[in-house]
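Trainee: For reference, the sequence and a predicted model appear below.
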2 protein chains.
Amino acid sequence: MITAPRKRSMRKRVLVVHVHPEPASLNGALKDAAVRALHALGHEVIVSDLYAMGFKAVADAQDFAQRVDPERLYYASESEHALDTGTQRADVAEEQRKLLWADAVILQFPLWWFGPPAMLKGWIDRVFVRGFAYGVRAPGESIATLRYGEGLLLGRRAMVSVTTGAPHAHFGARGISGALDDLLFPLQHGVLFYTGMSVLPPFAVHAANHLGPGDWPAIEAAYGQRLASLFTDAPIRYRMQNGGHYDERQVLRPGLGAGETGPRVHIVQHGDPPERAPRALPTTRRPAG
Amino acid sequence: MITAPRKRSMRKRVLVVHVHPEPASLNGALKDAAVRALHALGHEVIVSDLYAMGFKAVADAQDFAQRVDPERLYYASESEHALDTGTQRADVAEEQRKLLWADAVILQFPLWWFGPPAMLKGWIDRVFVRGFAYGVRAPGESIATLRYGEGLLLGRRAMVSVTTGAPHAHFGARGISGALDDLLFPLQHGVLFYTGMSVLPPFAVHAANHLGPGDWPAIEAAYGQRLASLFTDAPIRYRMQNGGHYDERQVLRPGLGAGETGPRVHIVQHGDPPERAPRALPTTRRPAG
């Protein structure tokens, strides 16, 4: 079968991080729709259903069985030590393994107070530790860390799938809530792109509380369409830290970002100088045990 | 004593919401410095030390002793019902009482992944419920809700006091992290201003992990200076929802926000038409029991 290898190469691994306390919610339906659509496309899927798992959302001293410094908790140091010594909490290590396993990561959540629910923020606070998600260095380089387009999660795609409680117009470029991309900038740029992932435009369902289950099939179908191009859609072209667009203080060089203020200055514009390619890390990934 | 009434009128009530797992951290020192400085100014202070309180950060079904709908959890409805019937969780009602008591609210936290720690986000998710922080209506008006410059927390001031792990330049208008005001927009505009509070510019200590306790006294002194003008500094001039700058779809009217894209279009510029004054709610505040 001449098509077999090609087919196999299209088989990808997708992690869906699902964050909603009610399984019968629209978010739950979108999570289920994603699993169905991705399976139908031939992909493997793992779901981290954070509420169902009772995931511990708060980063605190309980995260460390052994302490480098038993007197004063410095979370970054302790979590890196736990990563290095294989003494992380099992739930944290497991989520890191899923992230390393995945070719794409989907975050499914309701926008609460214009950001991720505490449950999702806590998943980030606890799982994205130093040495794994930040403070990652290329071999032989001791100073600058790999981030914003480089890092341990390079080569993966990420997409936010979000429901909101207000009409679409509120989330437009001049809508009162702020543009959705600006509200999601800390997550999409500051977490997902920071760790090396390529971030796709979000899939958003607005005014979700005005929708009934009768509206869901059309939404699920639209979502399935988006997922069909999960591995081919163009990512948001955030500028790489080490691509040449920032100066040595990591401030955007003059002339770039023209016509924009705010988060959008960090997106490549037509005509900008080409960026240097990201540095790949060795294939022997850091253990997440 | 002719000065006594004047002195008494300057005595204000300040709620400090403190969010850090380590009491000996810089955040802990800033919280203590705020209490000292505010007391020295003659103000009353309450501290909500969320980690020390073991505050429940995750919004879920456990928040409701009685359910309107035992089958399907709709958090907004259940939390509003609990507010209306006095059946909220004691920790939630207590935080609402503190917010109503306060003339100013300070949020003290480390910027983790470019946003509030899950603990603080959870405090917002659980305490800022419908009927209290959103979905608030003026008497006799049935449709438009009071928000963005109007609402139950009108008349209060709010200020973020934040530590970050990167140099100041990273958080400037063209810094790689995104401007601090843009990163804080979901919190400052979407939560604090949304509920009616006047939001002061943030107090920020950058590269906090490169500072030692020897650096703290100067920082605490600078913070004390800021707090001395907590009730006189000019707030960020976010545009009011009902001030006339947005159209009926709540999209910014043409001509406003010139020269800006992103969150800053929502800040009043010199020469903009004057806004209508906010509507005060009746002095009988909604019970938070």
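Mentor: Noted; the coordinates are in hand. Residues are numbered from 1 along each chain as shown, chains lettered A, B, ... in the order given.
Trainee: what residue ranges in chain A are flagged as low confidence?
Mentor: Applying pLDDT under 70 to chain A picks out residues A:1-9, A:142-143, A:282-289.
Trainee: As a check, name the ranges of all helices in chain A.
Mentor: All helices of chain A, identified by DSSP state H, fall at A:4-10, A:26-40, A:50-53, A:75-85, A:90-101, A:118-127, A:180-183, A:185-187, A:216-228.
Trainee: Dump those helices into CSV; add mean neighbour count and distance to chain B as well.
Mentor: The way it works is simple: take the backbone N, C-alpha and C, and place the C-beta from them, glycine included. Converted to CSV, these look like this (neighbours: other C-beta atoms under 10 Å in any protein chain shown; distance: least, C-beta to the nearest C-beta, whole Å):
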stretch, mean neighbour count, distance to chain B
helix A:4-10, 9, 32
helix A:26-40, 19, 10
helix A:50-53, 18, 7
helix A:75-85, 19, 7
helix A:90-101, 18, 14
helix A:118-127, 26, 3
helix A:180-183, 24, 5
helix A:185-187, 27, 4
helix A:216-228, 15, 14
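Trainee: For chain B, see how far away A:Y238 is.
Mentor: From A:Y238 across to chain B, the span is 10 Å (C-beta to the nearest C-beta, to the nearest Å).
Trainee: Can you find the residue of the stretch 151-289 of chain A that comes nearest to chain B?
Mentor: A:G262 (1.9 Å; C-beta to the nearest C-beta).
Trainee: Quick check: that residue vs B:T232, distance?
Mentor: 29 Å (C-beta to C-beta, to the nearest Å).
Trainee: quick one: which of these two has more around it?
Mentor: Comparing A:G262 with B:T232 by other C-beta atoms under 10 Å in any protein chain shown, the one with more neighbours is A:G262, at 24 against 7.
Trainee: can I assume that one is in contact with B:I267?
Mentor: No - in this structure A:G262 lies outside contact range of B:I267 using C-beta atoms under 8 Å: 10.9 Å.
Trainee: Between the two ends of stretch A:147-156, what distance do you get?
Mentor: End-to-end distance of stretch A:147-156 (C-alpha to C-alpha, to the nearest Å): 14 Å.
Trainee: so who does A:E95 touch?
Mentor: A:S48, A:W123, A:V127 (C-beta atoms under 8 Å, 6 or more residues apart in numbering or on different chains).
Trainee: go again using 10 Å as the cut-off
Mentor: A:15, A:17, A:48, A:50, A:53, A:55, A:88-89, A:123-124, A:126-128, A:288 (C-beta atoms under 10 Å, 6 or more residues apart in numbering or on different chains).
Trainee: Likewise for A:A221?
Mentor: Contacts for A:A221 (C-beta under 10 Å, 6+ apart) come out as A:A33, A:A37.
Trainee: do that again at 6 Å, thanks
Mentor: Neighbour list for A:A221: empty [criterion: C-beta atoms under 6 Å, 6 or more residues apart in numbering or on different chains].
Trainee: where's it relative to B:G165, distance?
Mentor: Counting by C-beta to C-beta, the separation of A:A221 from B:G165 is 43 Å.
Trainee: cool, A:W113 as well?
Mentor: For A:W113, the distance to B:G165 equals 23 Å [C-beta to C-beta].
Trainee: likewise A:V105?
Mentor: 23 Å.
Trainee: and the most centrally placed residue in chain A, how far is that from A:F128?
Mentor: In chain A, the C-alpha nearest the mean C-alpha coordinate belongs to A:L192, at 3.7 Å (C-alpha atoms, centre = their mean). Going from A:L192 to A:F128 by C-beta to C-beta gives 10 Å.
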